[in-house]
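Trainee: fold the following, please.
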Amino acid sequence: MDIVTIGEVLIDLTQTGRNEQGIPQFAANPGGAPANLAVAAARLGAKTAFIGKVGADAFGRYLTEVLEENKVDVSGVAVDRAHPTTMAVVSVDASGERDFSFYRSANADVMLTAEDIPDQALQDATMVHFGSVSLTADPSRSATLDAVRRAKAMGAVITYDPNYRANLWPDPETAVAQMKTPLEMVDILKVSDEELPLLTGTTDCAEGTAQLARQGIRLIFVTLGPDGVFYRMGDTTGHVAGVPCKVGDTNGAGDTFFGAALSKLCKEDLNALSVEKLEQILAFANRAASITTSRRGAIPAMPTLAEVEG
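Mentor: Here you go, the predicted model:
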C-alpha cells in the first residue's frame, strides 16, 4: 500500500445558498481531512487505504461507499453501533473561505481505539498519514499516536497535517501542546501559513521551518493559499508559485495539495530526492489544489490525474 491514512471521515454539511425564504440550504458532502487526502491521492494514481470509524447509520454507509467508489481500501473502517457518524457544518463566505461547526463530542470518529488499528493494517504501508483532529480527545488521540509509533517502527514514512480547527479545542494552548506532540515522529509535514506561528511562534517561513527541521522532520511544506507553497528539505528552501483560479470554495484544497504531493513522493527515494524533482512534484500539487479550489465541496471537487496533467 502506498499511503494509509488514519483519522476522521465525516459529513460536511456545506452551505450552497438560500432558498426564496432566505433559509440557508446545505449539501451533505463527504469530508474529513485524512479521508480527503486518501481520495485525492487515489484519484492521482496512488494505492491508498483509510482507517477510521463511522456510525451504524446512513451517513456512515454513504461515506464508506464514497471511499470505495474512489478506490480507497476500506478494510480498516470500523463501525460503531453506539455513536453516530460525525458531522461538520461548513459555511462559506463570499470569498470562498470556510467556517466550521463540528458535531463530534461523542461521535464515531473520536471512538477509534488502538484495537481498531491492527499491525496488519500498517505493515505494508510506504507512508502513514494523520492529522491533528484525531488528537483532540481520547480514545482516538491515544489510538492514533500508538498506531503512528508502530508504523514508524515498521519503517513507514510518517506524514502529518496539524489541521487546526479552533472550535475543536478547549483553548489554543491545549491545541498547540497536542499538535506538537507527534512532531518528533514525523518525516513529512504540511502546515498552512496560519498554522506555522502556532507551532513555531513566527510567521517567517525560513525561520519557522528551520525550527521544525531541528526535530528531525525531513520535508516541510508551508501552504500559502493562492501564493503557492514554501518548502524546506534539509538546509534547502524554496518557493513554488500557485496556480490562479476563480474560487468556488477552499474546502479540501489543502488535502488535495498534500494528497497530490504524497501520491508522487511515495514513489520516490526521499534520501535521493533532488530539488528539481521536488519542485516538479509541488507544481503538480499546486495544480491539483487549484482545480479543487475552483469547484465546490471537498471530495467531489478533487481532480483526476488526467485533469491535473492536462
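Trainee: C-alpha from now on. contacts and neighbour counts both.
Mentor: Will do.
Trainee: check which helix or strand P197 maps to.
Mentor: helix 196-200 (DSSP states H and E).
Trainee: oh, I was asking about R232
Mentor: With DSSP H and E as the criterion, R232 is inside strand 229-233.
Trainee: next secondary structure element downstream of that strand?
Mentor: Towards the C-terminus, the helix or strand next in line after strand 229-233, according to DSSP H and E, is strand 236-240.
Trainee: by contact count, what packs against that following strand?
Mentor: strand 229-233, helix 275-293 (3 or more Cα pairs under 8 Å, 6 or more residues apart in numbering; DSSP states H and E).
Trainee: got the buried residues for it?
Mentor: Within strand 236-240, the residues that count as buried by 16 or more other Cα atoms under 10 Å are T237, H239, V240.
Trainee: now, which of those residues sits nearest A88?
Mentor: Top of the list for closeness to A88, among these and by Cα to Cα, is V240 at 31.9 Å.
Trainee: enumerate every residue touching that closest one.
Mentor: For V240, the contact set (Cα atoms under 8 Å, 6 or more residues apart in numbering) comprises G228, V229, F230, E279, L282, A283.
Trainee: again with V229
Mentor: Contacts were defined as Cα under 8 Å, 6+ apart; by that measure V229 touches F221, V222, T223, H239, V240, A241, G242, L282, N286.
Trainee: most neighbours among those, which one is it?
Mentor: N286 (31 neighbours; other Cα atoms under 10 Å).
Trainee: so who does that residue touch?
Mentor: If you count contacts by Cα under 8 Å, 6+ apart, then N286 has G228, V229, A241, G242, V243, F257 around it.
Trainee: please identify which pair of those lies farthest apart.
Mentor: Using Cα to Cα, the pair of the contacts of N286 lying farthest apart is A241 and F257, separated by 12.9 Å.
Trainee: now do stretch 174-191: distance from first to last residue.
Mentor: Terminal residues of stretch 174-191 lie 18 Å apart, using Cα to Cα, to the nearest Å.
Trainee: may I see the buried residues of it?
Mentor: Residues of stretch 174-191 classed as buried under the neighbour-count rule (16+ other Cα under 10 Å) are 175-176, 178-179, 182-183, 185-191.
Trainee: residues contacting the closest residue to Y231 other than its chain neighbours?
Mentor: Once its chain neighbours are removed from consideration, Y231 has its nearest residue in F221; the separation is 4.6 Å (Cα to Cα, 6 or more residues apart in numbering). Residues touching F221, when contacts are defined by Cα under 8 Å, 6+ apart, comprise L189, K190, V191, V229, F230, Y231, R232.
Trainee: picking up where we left off before, which one of the contacts of N286 is nearest T86?
Mentor: F257 (23.9 Å).
Trainee: can I take it that the closest one is in a strand?
Mentor: No. Inclusion of F257 in a strand is not indicated when DSSP: H, G, I helix; E, B strand; the rest coil is applied; the result is helix.
Trainee: my guess is it meets T292, correct?
Mentor: No. Under the criterion of Cα atoms under 8 Å, F257 is not in contact with T292, lying 9.1 Å apart.
Trainee: and the nearest residue to A78 once chain neighbours are set aside, helix, strand or coil?
Mentor: Distance criterion Cα to Cα, 6+ apart; nearest residue to A78, sequence neighbours excluded, is K53 at 4.6 Å. Each residue gets one of three states, and K53 gets strand by three-state DSSP.
Trainee: wait, K53 touches R81, no?
Mentor: No. Applying Cα under 8 Å, one finds K53 not in contact with R81, separated by 10.3 Å.
Trainee: with neighbour numbers in mind, choose between the two.
Mentor: Using other Cα under 10 Å as the criterion, K53 and R81 rank with K53 on top: 31 against 12.
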